[in-house]
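Q: here is a sequence together with a model predicted from it:
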Amino acid sequence: MVVPHSNPASSRARSYTIQLALAFVAIYVIWGSTYLAIRYAVETIPPLVTAGIRHSIAGGIMLTWAWWRGFRPTRQQWVAGLALGALFFLIGHGTLHWAEQYVGSGLAALLIATEPMFILVLGWMMGQQKISPLSALGLGLGVVGVVMLTGAELTVKGSSPWGLLAVLLGSLAWSLGVVISPRLQLPTDALGRTALPTLCGAALLLIAAGVTGQFQQTHWSTITLRSIFGLGYLITFGSVIAFTAYTWLLQRVPPALVATHTYANPVVAVILGWLLAHEPLSMRVVLASVAILGAIVLIRRGERAVVVKPPQAVARVADIHASEECA
């Protein structure tokens, strides 16, 4: 009897395909679900405390891992990490965590999806690129989507315009960080490049929580199990597992393909908010979602605008893709 032999090359290819699929599921589904996890976490844990604890643990894990691999940050890299930490995490995530006390998780995810629009406008204002006709069309469509979303939300009794503005402010701050990041002396090590801003942002968040009295407002005995699970999910899945998958993908597939998570995340967030948190899913929200996602597609396709600055002063597409915001 002839015993069939397995083909090692075929087995490796199959294993690699499975790894790719799982990594994309992580950045599509897990990052899309973190918006709902934030909503659950801030129900009984103050928002800045939630964000500070989350990023302290996640950043500490990533820096320890990078250090074990030989990464040693310099003083200039810490300074760069502090600047990005303030924009990405203190303002970007701090406002998002605060706003989700007042706005739905799906709505927050859709408003965060405005980031490519802010990046395009900021890049144009800083003379880094021109806005192509296709990108201009995308900007206009995106504005229509945001107006539809915010208009619908403001008609709901008890809605908070400050919550909507806070999410948009966070998106703007993250976009500014993306635009200026190529000018900063950040580490070339992918893990260290994220660990430093995460840890610096966590320190700023904890300081802000102390200054605003949120630690005093934290009643540890009344924190619900749902909030604990939400925070634990953000740390383990949202920050560590999904980010590991993200950096792994960036080393193996084109950044433009990895960046497709920006299309999937808002859709996942809206569906989960509707299914699990009973957030409204009206036709107006659906149309606004289509408008915003369509705007992202148009802006992506219009990113080949003429560059008007020397290459070293311009944010490379790969750098922008690697810095896209996730919750």
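A: That came in fine, so what should we check first?
Q: what about the closest residue in space to Ser33 that isn't next to it in sequence, how many neighbours?
A: Excluding the flanking residues, the one nearest Ser33 by C-beta to C-beta, 6 or more residues apart in numbering is Leu272, at 5.6 Å. From N, CA and C alone the C-beta is placed, and that goes for glycine too. The burial count assigned to Leu272 is 22, neighbours taken as other C-beta atoms under 10 Å.
Q: against which helices or strands is the strand or helix carrying Val285 packed?
A: Taking DSSP states H and E as the criterion, Val285 maps to helix 283-301. Other helices and strands packing on helix 283-301, by 3 or more C-beta pairs under 8 Å, 6 or more residues apart in numbering; DSSP states H and E, are helix 105-112, helix 115-125, helix 133-154, helix 261-276.
Q: redo the ones you listed as a markdown table? Include distance to Ile27 and mean pLDDT.
A: Below are those laid out as a markdown table (distance: least, C-beta to C-beta, whole Å; pLDDT from 0 to 100):
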| stretch | distance to Ile27 | mean pLDDT |
| --- | --- | --- |
| helix 105-112 | 14 | 91 |
| helix 115-125 | 15 | 87 |
| helix 133-154 | 22 | 83 |
| helix 261-276 | 4 | 90 |
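Q: quick revisit: list the contacts of the residue nearest to Ser33.
A: Contacts for Leu272 (C-beta atoms under 8 Å, 6 or more residues apart in numbering) come out as 32-33, 35-36, 105-106.
Q: which of the residues you listed lies closest to Thr188?
A: Gly32 (29.4 Å; C-beta to C-beta).
Q: would you confirm that the closest one contacts Ala109?
A: Yes - with contact defined as C-beta atoms under 8 Å, Gly32 reaches Ala109; the gap is 7.1 Å.
Q: name the element the residue nearest to Gln185 when sequence neighbours are not counted belongs to?
A: In space, and not counting its chain neighbours, Gln185 is closest to Gln76: 4.3 Å by C-beta to C-beta, 6+ apart. Using DSSP H and E, Gln76 sits in helix 75-85.
Q: from the contact counts, what lies against the next helix or strand after that helix?
A: Tracing the chain C-terminally past helix 75-85 and defining elements by DSSP H and E, one meets helix 94-99 next. Other helices and strands packing on helix 94-99, by 3+ C-beta pairs under 8 Å, 6+ apart, are helix 31-41, helix 47-68, helix 105-112, helix 161-180.
Q: just the buried positions in the longest one, please.
A: Along helix 47-68, the positions that meet the burial threshold by neighbour count (16 or more other C-beta atoms under 10 Å) are 47-59, 61-63, 66.
Q: just to revisit the earlier point, as a markdown table, the helices and strands packed on helix 94-99 with distance to Phe215 would be great.
A: A markdown table is the format used below for the helices and strands packed on helix 94-99 (distance: least, C-beta to C-beta, whole Å):
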| stretch | distance to Phe215 |
| --- | --- |
| helix 31-41 | 16 |
| helix 47-68 | 6 |
| helix 105-112 | 24 |
| helix 161-180 | 21 |
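Q: and those: which comes nearest Leu249?
A: Short answer: helix 31-41, nearest of these by C-beta to C-beta, at 12.2 Å.
Q: only alpha carbons, please: show the closest one as CSV.
A: Provided in CSV are the C-alpha atoms of helix 31-41 (Å, rounded to 0.1, in the frame of the first residue of the first chain):
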residue,chain,number,x,y,z
TRP,A,31,-11.3,47.1,15.6
GLY,A,32,-14.9,47.6,14.5
SER,A,33,-16.2,46.1,17.8
THR,A,34,-14.0,48.3,20.0
TYR,A,35,-16.4,51.2,19.7
LEU,A,36,-19.1,49.2,21.5
ALA,A,37,-16.5,48.0,24.0
ILE,A,38,-15.7,51.6,24.8
ARG,A,39,-19.3,52.4,25.3
TYR,A,40,-19.6,49.5,27.8
ALA,A,41,-16.4,50.4,29.6
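Q: got the angle for that helix vs helix 105-112?
A: Helix 31-41 and helix 105-112 are oriented at 120 degrees to each other (axes from the mean of the first three to the mean of the last three C-alpha atoms, to 10 degrees).
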